[in-house]
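In: Here's my sequence, what's the structure:
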Amino acid sequence: MMKRMAGWMAGAVLVACVAGAAESNTLTSQEMADGWKLLFDGKSLDAWKGLAKPEIGAGWKAVDGTLTIGKAAKSGDIITKDRFADFELCFEFRLTKGANSGLKYFIDPTRAQGGHGVGCEFQVLDDDNHPDAKLGRDGNRTVGSLYDILPAAKDKKVNPIGEWNSARVVVKGKHVEHWLNGAKVVDYERGSDAFRAEVAKSKFSKIAGFGEWPDGHLLLQDHNDEVAYRNLKIRALK
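Out: Model (predicted):
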């Protein structure tokens with residue numbers, strides 16, 4: 001089972017998940033045939049809504065083909081209008097110095113912690129200049145990590161501040177992978193004894209069933225820092 005899944009994962013790495021590989025915020029005819037859908041077209045935030053209320057805070061803007069949250073915007077998190085279960089997600093992110101954000105999945109809007117939506121998080125962070133990188137355990141709050149639960153691979157490749165990084169999240173049943181700039185950096189099984197043991201050590205320990213909900217929204221986090229996103233694409237997996 002795992003060998004077959006690993007082969008499927010390797011074969012699913014597409015041009016869509018490589019930074020700068022094609023015109024931003026577009027789909028090729030092959031991507032459309034493969035079931036990809038845009039979550040951002042470079043101009044409109046129609047696929048998104050606010051976490052706490054339908055309106056999107058003014059700090060979230062479409063700027064030069066990017067979905068950007070401004071510094072000290074205090075606009076709150078935004079989530080997709082749609083929910084997702086098994087999926088492959090690609091996106092690119094560009095950090096400013098000292099910036100912190102994140103892309104979360106399996107979000108239940110009725111749950112919140114510290115004013116933010118609760119769910120599994122692909123950490124988006126300037127490891128060199130943000131103090132959160134040194135918190136948590138064993139680097140599990142650094143870029144690419146499953147935030148506060150599992151650290152990204154130590155040999156991960158991160159592009160310099162101001163350059164684009166490509167990211168990929170794959171969820172197939174209980175199996176989840178994080179990819180950063182073309183390399184897998186996190187791999188785990190939701191609901192496994194190992195996963196639950198790590199959750200029990202995290203800030204999410206008191207949230208019943210954390211990370212094991214069957215589906216949920218995607219979320220982009222406002223941490224009062226300037227961060228830009230583009231090429232947010234997703235496809236359902238069967």
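In: can you list the weak-confidence ranges in this structure?
Out: For the chain, residues meeting the criterion pLDDT under 70 lie at 1-16, 18-22.
In: which residues in it form helices?
Out: Remark: helices assigned in the chain by DSSP state H are 2-11, 29-33, 193-200.
In: So which bits of the last one are buried?
Out: By 16 or more other CB atoms under 10 Å, the buried positions in helix 193-200 come out as 195, 198-199. (Glycine included, C-beta is placed from N, CA and C.)
In: so how far is L95 from the residue nearest the centre of the chain?
Out: In the chain, the centroid-proximal residue (CA atoms, centre = their mean) is L103; its distance is 3.0 Å. Distance of L103 to L95, computed by CB to CB, to the nearest Å: 13 Å.
In: Overlap in contacts, the two.
Out: Counting by CB atoms under 8 Å, 6 or more residues apart in numbering, the shared contacts of L103 and L95 are V124.
In: picking up where we left off before, distance to T28 added to the buried residues of helix 193-200, as TSV?
Out: What follows is these, written out as TSV (distance: CB to CB, whole Å):
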residue	distance to T28
F195	35
E198	38
V199	38
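In: follow-up on the earlier one: hey, what's the closest residue to the residue nearest to the centre of the chain other than its chain neighbours bridged with?
Out: Of all residues not flanking L103 in the chain, F122 sits nearest, at 4.7 Å (CB to CB, 6 or more residues apart in numbering). In this entry, F122 is beta-bridged to L103, L146, by DSSP bridges.
In: Quick check, F122 in contact with F106.
Out: No - contact between F122 and F106 fails when scored by CB atoms under 8 Å: they sit 11.7 Å apart.
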